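# The sequence and its predicted three-dimensional model are supplied below.
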Amino acid sequence: MNRLLGDDHAGHALRAPSRLHSFNRYEIKYLVPSERLPALRAELAGRMDSDSHGADGGYGVWSTYYDTRDLRFYWEKIEGLKFRRKLRVRHYGDRTNVGDDTPVHVEIKQRVNRVTQKRRVAMPYHLARDLCDGRRMVEHDPSQTAFLEEVLELISMLDLRPVAMTGYQREAYVGRDADVGLRVTIDSRVRGRDRDFDFAADADNRLIVPARLSVVEFKANERVPYWLTDLAARLNMSVVRVSKYCQSVEAFGRAPRSIFHIPDSETVEV
């Protein structure tokens with residue numbers, strides 16, 4: 001079998017010992033105005049390490065989300081179902097450099113009560129398109145078979161198709177010592193589009209969250225440490241139930257704006 005996988009040098013610090021990457025987490029999201037970010041960064045830098053892939057302002061994260069014609073996954077999120085999931089293809093880095101052989105991740109993200117579970121497989125972009133858009137099994141490591149069959153079953157039985165793309169600039173911090181497993185991300189310039197879903201397409205993206213706001217997320221294997229929730233309280237950070245996918249769907253008029261929608265009065269073209 002030819003080598004399908006490569007290290008994702010552009011992106012994330014989460015590495016898996018096997019070709020199927022799976023993990024569970026508790027997640028808390030906040031909306032933070034840009035003027036509070038310096039204080040947040042200073043506190044995080046004193047207790048956590050910067051993601052080694054996030055130097056010099058972080059890195060890009062681009063995701064293509066799949067859903068049904070009637071947006072089943074969107075509505076499951078809005079209605080707060082205790083079990084829900086979504087399928088996406090994700091790229092870490094500069095989307096303009098994505099080619100057929102660029103490593104991307106095919107990922108199922110699901111929520112079971114309060115726990116977020118992610119399972120994903122890395123593969124070249126052309127194979128991800130064959131799998132998710134061509135709806136056919138691709139060459140893979142035997143350890144990935146069950147996951148890829150689940151992806152194909154979801155796509156075929158629910159007639160999934162690309163619905164929205166999101167992109168943002170991510171800064172990430174990882175826990176050390178007693179906080180191993182803790183991760184904090186700061187996502188800024190959150191953009192999206194509702195067509196031309198090839199990552200490298202020469203297409204315009206629109207801000208779907210006001211430029212002055214960043215989405216900050218605390219992610220922990222078991223519980224978020226008290227020092228971090230106390231920090232959020234001191235900085236008057238607002239807990240939000242925001243989904244970048246849902247925000248993109250609503251921003252482009254695919255669904256009515258829900259009570260969770262972040263107002264876009266400051267949204268501009270980029």
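Perfect, I can see it now.
# State which helix of the protein is the longest.
helix 145-158 (DSSP state H).
# which residues touch that helix?
With Cβ atoms under 8 Å, 6 or more residues apart in numbering as the test, helix 145-158 has contacts from 20, 66, 68, 72, 87, 106, 108, 119, 121, 131-132, 135-138, 140, 160. Quick note: C-beta positions are derived from backbone N, CA and C, even for glycine.
# Ok, stretch 173-180 next?
Here stretch 173-180 has contacts from 13, 44-45, 47-51, 181-185, 225, using Cβ under 8 Å, 6+ apart.
# Looking at those, which are in strands?
Among the contacts of stretch 173-180, the members falling in strands (DSSP state E) are 48, 49, 50, 183, 184, 185.
# thought the fourth one was touching residue 216?
No - in this structure residue 183 lies outside contact range of residue 216 using Cβ atoms under 8 Å: 11.4 Å.
# tell me, how many neighbours does residue 101 end up with?
For residue 101, the neighbour count with other Cβ atoms under 10 Å is 11.
# my guess is it meets residue 127, correct?
No - taking contacts as Cβ under 8 Å, residue 101 lies outside contact range of residue 127: 9.4 Å.
# returning to that earlier point: now which of the contacts of helix 145-158 would you call buried?
20, 66, 87, 106, 108, 119, 121, 131, 132, 138, 140, 160 (16 or more other Cβ atoms under 10 Å).
# Restricted to helices, list those residues.
By the criterion of DSSP H, membership of the buried ones among the contacts of helix 145-158 in helices covers 131, 132.
# Just put the buried ones among the contacts of helix 145-158 in CSV and tack on distance to residue 235 and pLDDT.
Conversion of the buried ones among the contacts of helix 145-158 to CSV gives the following (distance: Cβ to Cβ, whole Å; pLDDT from 0 to 100):
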residue, distance to residue 235, pLDDT
20, 37, 62
66, 36, 98
87, 34, 98
106, 36, 98
108, 33, 96
119, 33, 94
121, 37, 97
131, 42, 98
132, 39, 98
138, 45, 97
140, 44, 94
160, 39, 98
